[in-house]
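Q: quick one: sequence and predicted model below, then my questions.
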Amino acid sequence: MKPEAVYQILDYVEFGKNQEIAELARSFRSIDLDIAQLDKIILEIKKTLKEKNADLFYEKSPYYHFLLACASYIASHKEAISCAERAESQFKNQGKILDQSLTNWLLGLFLYEGKQADRARERIDDAINCVASIIKERSNNGRYADCDTCQEILKEIKGFRKGIDSNKKTQDEQTGSQQSPTGQDGYLFLPQLPTYNHVQAGSDGPIWVSASSGAACTEMDRCVIGDQKYSIFSVNRGDRRINLDPSRQYGWAQVVGNSMNIAQPTPINAGNMVLFYQSSEAVDNAFVIVSCPTDQGAGYSFMVKRWNRGNQQFISDSSESGHPPIPCNKACRIIGIVTGVAKPS
């Protein structure tokens, strides 16, 4: 997930006397999407929010929720929207209209990324109306320098709103007019992604290949793997949009067994294909590919699990019994992060 849009909104937030929060916000720029550092910041914010003293929760709470929303979005956590909604509500109650507007802009970004364009428009329109009212009020009171900043914000928000409408128009024009190379409407073929045998295997685990040159970010909600058509879902948000980062090495793996069949927000069932990228680190509650020795000690098995960072365990989300937590150690470790699950259409 690219953080540039979040940084742009974050730059306009009025932290006031909350210098420790402003410093925390500035630290985002030095992370450069380092998972361990970002996870540390998320845990730090959550710990701070649990303190629950009156001063913190009246004055500082909305800013912490705002930062938690930003960090969660960058880390692809599903709680980003709920954190932003909480921040927006608290800014509104405190009469901090500009910060409320910026949070609605942030929510519009999250919702649009989650393919909820109509809800995104509503949030963006709220932001536009609020900023316009602020400009009018500050102009009437002679605060022209403040008006300049608000005019800049308004221009950026309107530009984002225009982009949503422009993309919708383009999509509408292209609906039904383009076909895949085999004539199957709506399917996106990704030949550069290797396909591995299955998740729970013997010794025939993933072997990474060089990434194809000139790869670009791709958005998709359906695909064909072999001769089978699949609908694709995000494992973190539950929607049908996957963003591929060309700097990462991706692959497909077939799931065997139902040890993750009640995972939320997207169940992972036997026969599904999971889309994952190579990584040895993950944020808390991420869905991961785990490498463990087989019971016979003659090789390794590869499983999809949920990472419990606090207890250093790999968790099964299953309706079946017999799937105890697996401790993380030198033998059992993370080798990949699951971003999507493909289900047979």
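A: Cool, got the structure.
Q: contacting residues around residue 318?
A: Remark: with contacts taken as Cβ atoms under 8 Å, 6 or more residues apart in numbering, residue 318 is in contact with 258-262. The way it works is simple: take the backbone N, C-alpha and C, and place the C-beta from them, glycine included.
Q: of these, which pair is most distant in space?
A: Using Cβ to Cβ, the contacts of residue 318 span at most 9.9 Å, a distance reached by 259 and 262.
Q: thinking again about what came up before, out of the contacts of residue 318, who's the most crowded?
A: Taking other Cβ atoms under 10 Å as the neighbour criterion, residue 260 ranks highest of the contacts of residue 318 with 28 neighbours.
Q: the nearest residue to residue 242 once chain neighbours are set aside and residue 76: what is the separation?
A: Closest residue in space to residue 242, ignoring its immediate chain neighbours: residue 340 at 4.4 Å, by Cβ to Cβ, 6 or more residues apart in numbering. With distances taken as Cβ to Cβ, to the nearest Å, residue 340 is found 11 Å from residue 76.
Q: identify the contacts common to the two.
A: Common contact partners of residue 340 and residue 76 (Cβ under 8 Å, 6+ apart): none.
Q: right, and the helix or strand after the helix or strand hosting residue 101?
A: Secondary-structure assignment from DSSP states H and E places residue 101 in helix 97-113. Next helix or strand after helix 97-113 toward the C-terminus (DSSP H and E): helix 117-140.
Q: how far is the helix holding residue 101 from where the chain is centred?
A: Distance of helix 97-113 from the chain centroid (Cα atoms, centre = their mean, to the nearest Å) equals 16 Å.
Q: now do stretch 228-235
A: With Cα atoms, centre = their mean as the basis, stretch 228-235 stands 17 Å off its chain's centre.
Q: which outside residues touch it?
A: By Cβ under 8 Å, 6+ apart, the residues outside stretch 228-235 that reach it are 184, 187, 220-224, 239-242, 263, 265-266, 268, 273-275, 287, 338-345.
Q: tell me which element the residue nearest to the spatial centre of the chain is part of?
A: Most central in the chain under Cα atoms, centre = their mean is residue 76, positioned 2.1 Å from the mean C-alpha point. For residue 76, there is no host helix or strand (DSSP H and E).
Q: where does the prediction get shaky in the stretch 1-150 of the chain?
A: The stretch 1-150 of the chain contains residues with pLDDT under 70 at 1-3, 16-17, 28-35, 52-57, 144.
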